[in-house]
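>>> build me a model from this:
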Amino acid sequence: MNIKFKAFIDDEQVIEVFSIGGLLLLILLLYFMSLKNFNLFCNASELINITCGVSIYAVSKNTYKFSKSGYFLFLGISFLFISSFNLFHISYYGVSMGGNFRVSNLLEQKDTVSSFLQAAAVIYSFRYVKKPLNPMTTFLAYLLMAILIFFGVFYFNAVPTCYGSYGPTIFKKVVEAINIVLLASSGIFLKFNKREFNRETMLFLILSIISMVISQAFLISSIKKPGFMYTIGHLMKVVSIMLIYKAVIQSNLTNPYKSMFSKLKEAKEKLEYKTNELVEINEKLNKENEEFKIMQQDLKESKKNYLQLIDFLPYAIITHRNGKILFLNNAALTMFKANDYKDMIGREILDFVHSEERKVSKTRITKTYNGMDTELLERRMIDINGEVLYVETKAVPYVHKGLPAALVVIGDVSERRRAEEKDKMLKEAIEYDRIKTEFFANISHELRTPLNVIFGAVQLVELYAENDAMVDNIDKVKGYITNMKQNSYRMLRLINNLIDMTKIDSGYLKINKQNHNIISIIEDITLSVAQYIESKGLNIIFDTDVEEKIVACDADVIERVMLNLLSNAIKFTSEGGQIFVNIEDRGGYIDIFVKDTGIGITEDKLAIIFERFRQVDKSLARNNEGSGIGLSLVKSLVEIHGGQINVSSEYGKGTEFVISLPAYNLAEDEVAADYDLPQGNVERINIEFSDIYS
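Model prediction:
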């Protein structure tokens, strides 16, 4: 391969030598032709220029798609139209040589314009070295310019006289001088863009520009024609355009061909390497094929033993694809109470999954089909008779007869589940009995304590009465009466709560919903207890983001809910603490916040705070009294209104209760008048705050 490639390079060098030699031979032939027949020489050189110009355009246009060379395509379009001017030169040249001054001058004007266009095109083409070119726009622009030049020169005599009795005119010499400057400047542009061209193309372009400069210099120096200077000018013009043609061929054809040949050579070497690898692999495969035949026979025996093992396993095994059962063992037949394999093969696997668990099963099946194992999961399935089975299942990806499927291992845990349910019921019964015992102990304490206080106070009052010491001990008697009254309120509160909880459980508790301004109700309740709270050394703050919000509610029940929450806040907030009552409007809901800076509630107790008969502190020696049904009652009263209550707390920093009441479902009655606290409000406060002691 290397020898062939070297031969190819040598052949290319030989071709290049012959090409340069052919160019030199052509120049010599043209020169001798000028000595014999100058008219024929001029026509031949122009014909060569036309041929090269059209060829430059054809090559650059047809190779533009893969070369993307806007530079050469612009030159190709330019030389195409310059060649059209040269074609007129051939047509009129015989007449001009016959002594027709008018025609001769027209041709000189045409040559002057075309040489200027050529110089301008050479320097302007560098604009498209790195920039794409729109061929159609450029072509149309040149076409319009050619038409204007044609009519300007041949019909309107728009170009000054270029050749007179003493040779070229000043105008022609100035134009040719400008052309020389433009061409020399293009050499500078070429140097700046040399990285965009390969070495051979760069050389052809440099020689072409030099040839153009020499051609212009000789043509401007010629005094008469025919003559030596005029002949050399024409010859160098031929050389320059042929060099540009060589540059186009080199850039757009030769270089891509070399690149393609190099890639083909590299591809051939890789192919040979891969071929050798394939030969080795083929030999290895032939050897492995013999081993495979032996393994296949062993596999048949292994498969037989495997199926026997599967049938002896105590766990049910099922394989399925696209949701259809493909295989199951004897244990699966027994578990699902099927008489024959035909009863289950081909059926949907989801037919044997409990309806409430099919959504989860679909997700697990999808995961398995996607190549992922599923975790062990306890679930409910149904047998062929529709009876519920409690099982543990695990599914893994599996290949059945060469196609992806899922394999499910199923263990019956019905007996264990029944034992767990019995154990759970036993624990619940024990827990219920414990809670009931605690409740009765707590209720007994809650009833006995105030009764003891009342009975003791009564005995002391009776003692003072028997000894006629009532007047002397009037302050003590008033204190005893106050204690009796507070403990009576405490008993009344407990009895009211028990009665209301019983009504709620039996569905007999009714509320009187009316349309009220909830902001006014909450504010009035807060202000009614403010003095009491401040007397405990606490500070209460009320705030709202809306002044009016109409809500359908029972004002008395809302008052009771708020007093219960405020009572809790007072009981568990130390002196110097703060209680906040805030209201926020959420459009369809109104949120009521009751927050304190008290001792807070531990996270493990938050879950049971609304449960009936539950207390955070269960000891009989706790700081504040309570039966454990207050917050449960509050939750029930809020839910009767269609709302909900939530609690959040951080131990040691305080607790916050949030009541959300719906504001979108108003009562049919009109908005009730401003809610006035009932005359018994003070007594109600005393009742709700009766388990708070100084």
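>>> which SS class is T374?
coil (DSSP: H, G, I helix; E, B strand; the rest coil).
>>> and the gap between it and K394?
Using Cβ to Cβ, to the nearest Å, T374 is found at 6 Å from K394. Just so you know, the C-beta spots here come from the backbone N, C-alpha and C atoms, and that holds for glycine as well.
>>> run through the strands of the stretch 551-694 of the chain in chain order.
For the stretch 551-694 of the chain, applying DSSP state E, counting those that start in this stretch gives strands covering 578-585, 589-596, 644-650, 654-662.
>>> reformat these as TSV; add mean neighbour count and mean pLDDT.
Output for those, formatted as TSV (neighbours: other Cβ atoms under 10 Å; pLDDT from 0 to 100):
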stretch	mean neighbour count	mean pLDDT
strand 578-585	19	95
strand 589-596	21	95
strand 644-650	16	93
strand 654-662	20	94
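>>> closest one to K287 among those strands?
K287 lies closest, by Cβ to Cβ, to one member of the strands of the stretch 551-694 of the chain: strand 644-650, at 73.7 Å.
>>> and the closest one, what other elements does it pack with?
In terms of contacts (3 or more Cβ pairs under 8 Å, 6 or more residues apart in numbering; DSSP states H and E), strand 644-650 is packed against helix 603-606, helix 630-640, strand 654-662.
>>> quick one, which of those is nearest to V175?
strand 654-662 (93.4 Å).
>>> pLDDT on the helix or strand that L285 is a member of, on average?
Mapping L285 onto the secondary structure by DSSP states H and E places it in helix 255-312. Taken as a whole, helix 255-312 has an average pLDDT of 75.
>>> ok so, going back, relative to E387, which of the helices and strands packed on strand 644-650 is closest?
helix 630-640 (38.2 Å).
>>> just the CA trace of that closest one, in PDB.
The C-alpha trace of helix 630-640 is given here as PDB (Å, rounded to 0.1, in the frame of the first residue of the first chain):
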ATOM      1  CA  GLY A 630     -60.800  19.800  76.000                       C
ATOM      2  CA  LEU A 631     -58.700  19.800  72.800                       C
ATOM      3  CA  SER A 632     -60.500  16.700  71.400                       C
ATOM      4  CA  LEU A 633     -63.800  18.700  71.900                       C
ATOM      5  CA  VAL A 634     -62.200  21.800  70.200                       C
ATOM      6  CA  LYS A 635     -61.200  19.700  67.200                       C
ATOM      7  CA  SER A 636     -64.700  18.200  66.900                       C
ATOM      8  CA  LEU A 637     -66.400  21.700  67.200                       C
ATOM      9  CA  VAL A 638     -64.100  23.100  64.500                       C
ATOM     10  CA  GLU A 639     -64.800  20.100  62.200                       C
ATOM     11  CA  ILE A 640     -68.600  20.500  62.700                       C
END
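>>> quick one, the helix or strand following the helix holding L285 and helix 255-312 angle?
In the C-terminal direction, the helix or strand that comes right after helix 255-312 (DSSP H and E) is strand 316-321. Taking axes from the mean of the first three to the mean of the last three Cα atoms, to 10 degrees, one finds that strand 316-321 is oriented at 150 degrees with respect to helix 255-312.
>>> and the helix or strand just after strand 316-321, what's buried?
Sequence-wise, the next helix or strand beyond strand 316-321 is strand 324-328, with elements assigned using DSSP H and E. Of the residues in strand 324-328, those scored as buried under the neighbour-count criterion (16 or more other Cβ atoms under 10 Å) are 325-328.
>>> re the thing from before, kindly reformat the helices and strands packed on strand 644-650 as a markdown table containing distance to Q216.
As requested, those are exported to a markdown table (distance: least, Cβ to Cβ, whole Å):
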| stretch | distance to Q216 |
| --- | --- |
| helix 603-606 | 97 |
| helix 630-640 | 103 |
| strand 654-662 | 95 |
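>>> which one of the ones you listed lies closest to P160?
For the helices and strands packed on strand 644-650, the distance to P160 is smallest for strand 654-662, at 97.4 Å, taking Cβ to Cβ.
>>> parallel or antiparallel, list what pairs with that closest one.
Taking DSSP bridges as the criterion, strand 654-662 forms sheet pairs with strand 589-596 (antiparallel), strand 644-650 (antiparallel).
>>> where in the stretch 401-550 of the chain is pLDDT low?
For the stretch 401-550 of the chain, residues meeting the criterion pLDDT under 70 lie at 432, 435-436, 438-448, 452.
>>> do you have the strands of it handy? List them.
Under the criterion DSSP E, counting those that start in this stretch, the stretch 401-550 of the chain contains strands at 403-412, 514-517, 539-544, 550-553.
>>> M484 and F455: what is the separation?
Distance, M484 to F455, by Cβ to Cβ: 9 Å.
>>> for these two, indicate the residue with more neighbours.
For M484 and F455, the more surrounded residue by other Cβ atoms under 10 Å is M484, and the numbers stand at 18 against 13.
>>> what's the neighbour count on N329?
Counted with other Cβ under 10 Å, residues neighbouring N329 total 21.
>>> list the buried residues in stretch 333-346.
333, 335-336, 338, 344.
>>> what of stretch 371-387?
Residues of stretch 371-387 classed as buried by neighbour count (16+ other Cβ under 10 Å): 374, 379, 381, 384.
>>> would you turn the strands paired with strand 654-662 into CSV with distance to R199?
Formatted as CSV, the entries for the strands paired with strand 654-662 read as follows, by distance: least, Cβ to Cβ, whole Å:
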stretch, distance to R199
strand 589-596, 82
strand 644-650, 80
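>>> domain parsing for the protein?
2-254, 313-412, 418-503, 511-688 (automatic domain parsing).
>>> ok, which of these comes nearest K265?
Nearest to K265 among the domains of the chain is domain 2-254 (6.3 Å), distances taken as Cβ to Cβ.
>>> so where is the stretch 101-250 of the chain shaky, pLDDT-wise?
The low-confidence ranges in the stretch 101-250 of the chain, as defined by pLDDT under 70, are 101-107, 154, 163-167, 222-226.
>>> can you give me the helices in it?
101-124, 135-154, 170-192, 199-221, 228-249 (DSSP state H, counting those that start in this stretch).
>>> again, but for the stretch 401-550 of the chain
Secondary structure of the stretch 401-550 of the chain (DSSP H, counting those that start in this stretch): helices located at 414-466, 474-506, 518-535.
>>> just the angle between the second one and helix 630-640, please?
Read it as helix 474-506. In terms of direction (the same axes, to 10 degrees), helix 474-506 departs from helix 630-640 by 50 degrees.
>>> tell me the buried residues in helix 474-506?
Neighbour counts using 16+ other Cβ under 10 Å place 477, 480, 484, 486-491, 493-494, 497, 500-501, 504 of helix 474-506 among the buried residues.
>>> what angle sits between the longest strand that the chain contains and strand 403-412?
Of all the segments of type strand in the chain, defined by DSSP state E, the longest one is strand 388-400. Here strand 388-400 points in a direction 150 degrees away from that of strand 403-412 (the same axes, to 10 degrees).
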